[in-house]
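Asks: starting from these lines, generate the structure:
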Amino acid sequence: MNNNSLDANSSSAVLRSAVIAALAWTTVLAGSLAWYLVGNDQQTLAIARREAAAYIAKDIAFRAWATSHGGVYVPPTERTPPNPYLAGIPNRDVETTSGKKLTLMNPAYVLRELQTHFAGPFGEKGRITSLQPLNPINAPDAWERSALLRCAEGAQEVSAVSDLDGIPHLRVMKPFIVEQGCLKCHGRQGYKVGDVRGGIVVSLSLEPFYADSRRTYRNLMAGHGAVWFIGLMGIGFVTRQNRRRESERKVADDILRSNESSLAAAQRIAHLGNWELDLVSNVLTWSPEIYRIFEIDPREFGASYDAFLAAIHPDDRAMVNQAYTDSVASRIPYDIVHRLLMKDGRIKYVNEKCETRYGVDGKPLRSLGTVHDITERQRAEEQVRALNQELEQRVKDRTVQLETANKELEAFAYSVSHDLRAPLRAIDGFSHILLEDYADKLDADGRHYLDVVRANTVKMGQLIDDILSFSRMSRRDIETADLNIGALAQSVFEELRAAAPGRTLRLQLGDLPAARGDRAMIRQVLTNLISNAIKFTGPRAEAVIEIGGTADANENHYYVRDNGVGFDMQYVDKLFGVFQRLHAAEEFEGTGIGLAIVKRIVTRHGGRVWAESQLGEGATIHFTLPADRASG
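Replies: Below is the predicted model:
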């Protein structure tokens, strides 16, 4: 059977299913509609009966009330004249002390007036009747006579649907039971308490109820029709979807065949093949690409695991076999690289991956894997490794050269600084002798020039000391310890304040987080920052120096803020360079190395340093230390 025949059969099966579903849906909806229509008729009569029962219950309650009072007296009128059928009743007509005349209305008289002049909301027509009426108007018709006879036999209610004046009515009768108050008028007829004296009848027009029922009919039919139509639409939609899925399945089959062809081509291009080993039959299946990678003729391959091992480089066979055996035993996939030895002596590198499927009893069933020819990549990686080794050796050589040059430079700086001290001391000493021993032979200009010489020798000495200090910051090892930064800052401030007599200095010390670092180096940082703050607040009547800090998960942050002269932020990049000054030497003394030392110390601790300022409003120097160095 060809594919076209299969497609035709599938399409016919879908259409048959749709027809069966439509017939079943129509049957279900038709049965539901019939059930609801029958129930609606029954419900309509039940509602009418409840309405009639309520009307009768009202009449019976009213009659019971009138009977309990022995009737009621009303002024005689044309509408309510004295009842001639009560002529033999004592005190039928009475006169009040004021002369007003009244006549007795027995319960039946009262109820008949009520029924005659006050109809119900559905046109109910009520009346009383009896087989022995006092008033001939209460004589029963044929249905009422039959109903009275049934009530006399013990029926508590009699009802029937019949036409009155061509309109269907529900007629309901309930019996009148003789009570003690009834004997006043009807005792002479031979009735006793408990006898059925007659009945109360209500005739209820069914036309309003039938009108409501017809509306319900229409709603039910419309609703069921809509549901039936929607159901058919749904069946049609599902049928269309099924036919579309059948079409998509056919397309998917075509695509699958095309993908299988494309996969084979892709494996060939990527040099990536796949294999499967049936562990029950020990049959090994290779994709065409694996044969190309192993350079084996499929007709010559034994198609077994042992034949596969024979194609692997002899030095790698044990490793590959062990990797596969361990993977099957541990249920963990393996990913290995091994070599293949070609017949002509060439060596190939392959990346092999494998995982195994197991049965419900835990026994291995089959292994699936891939083989990727990575010979070219392996050669490229070997070249990269060789280049990296060469580069690493060059870096080591250059590092040694750089370290040697730095040591030589530091030694040169130390030597130059040391050798400069002797002539500086000589210049300062001879200048001092000239000022002391030959002062009387020098004029004012001469003495001034000697003072300038001595001041510059002091400045040169300070510059040499700063250069040596900056050089030492690069050479000395960092000896870390727990540091109380707040106590250290307080100590530095007190020492510097003692060296500035006559200055009004105020320190605002915040809660500084503890840290770990080299105590001498961090003390040097605080010394340089606080001394700068004291120096650049010189023009202020009161110098306010604020030291604060915060800590987060990554680093501790500290700052030193003053209310000094500040600086222009456009020059902030020069602030931490060696010999960089943002103010003239005539304004503020210094060598321009202090902040460079701060940056070198903080950087060696793994932190950062930066500055913020506004000219004339002070400056803030920030620095950080890594949190992993903090003691908490």
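Asks: max-length helix in this structure?
Replies: helix 3-68 (DSSP state H).
Asks: which residues does the helix or strand following that one contact?
Replies: For helix 3-68, the following helix or strand on the C-terminal side (DSSP states H and E) is strand 72-74. Defining contact as CB atoms under 8 Å, 6 or more residues apart in numbering, one finds that strand 72-74 is touched by 66, 80, 94, 102-105, 110. All C-beta spots, glycine's among them, are computed from the backbone N, C-alpha and C.
Asks: closest to residue 156 among those residues?
Replies: Among the contacts of strand 72-74, residue 66 lies closest to residue 156 (CB to CB), at 21.9 Å.
Asks: was I right about that closest one contacting residue 107?
Replies: Yes. With contact defined as CB atoms under 8 Å, residue 66 reaches residue 107; the gap is 3.9 Å.
Asks: so those two - more neighbours on which side?
Replies: residue 107 (25 against 20; other CB atoms under 10 Å).
Asks: tell me the pLDDT at the more buried one?
Replies: Listed pLDDT for residue 107 reads 72.
Asks: likewise for residue 511?
Replies: 90.
Asks: tally of neighbours for the nearest residue to it once chain neighbours are set aside?
Replies: In space, and not counting its chain neighbours, residue 511 is closest to residue 486: 7.1 Å by CB to CB, 6 or more residues apart in numbering. Residues lying near residue 486 (other CB under 10 Å) number 18.
Asks: helix, strand, or coil at residue 486?
Replies: helix (DSSP: H, G, I helix; E, B strand; the rest coil).
Asks: from residue 526, how far out is it?
Replies: For residue 486, the distance to residue 526 equals 11 Å [CB to CB, to the nearest Å].
Asks: show me where the stretch 301-450 of the chain has its helices.
Replies: For the stretch 301-450 of the chain, the helices defined by DSSP state H, counting those that start in this stretch cover 305-310, 317-330, 375-437, 444-475.
Asks: residue 346: neighbour count?
Replies: Residues lying near residue 346 (other CB under 10 Å) number 10.
Asks: that one and residue 311: what is the separation?
Replies: On the measure of CB to CB, residue 346 and residue 311 end up 13 Å apart.
Asks: spatially nearest residue to the residue most central in space within the chain, not counting backbone neighbours?
Replies: Central residue of the chain (CA atoms, centre = their mean): residue 553, 27.1 Å from the mean position. Ranked by CB to CB, 6+ apart and with sequence neighbours excluded, the top spatial neighbour of residue 553 is residue 627, at 6.2 Å.
Asks: buried ones in the helix or strand harbouring residue 284?
Replies: Following DSSP H and E, one finds residue 284 within strand 283-286. Residues 284, 286 are the ones in strand 283-286 that count as buried (16 or more other CB atoms under 10 Å).
Asks: for residue 17, give me its contacts.
Replies: Neighbour list for residue 17: 239, 242 [criterion: CB under 8 Å, 6+ apart].
Asks: count the residues that sit near the residue lying closest to residue 100 once chain neighbours are set aside.
Replies: Closest residue to residue 100 apart from its sequence neighbours, by CB to CB, 6+ apart: residue 75 at 6.9 Å. Using other CB under 10 Å, residue 75 is surrounded by 9 other residues.
Asks: please report phi then psi for residue 75.
Replies: phi -60, psi 130 (degrees, to the nearest 10).
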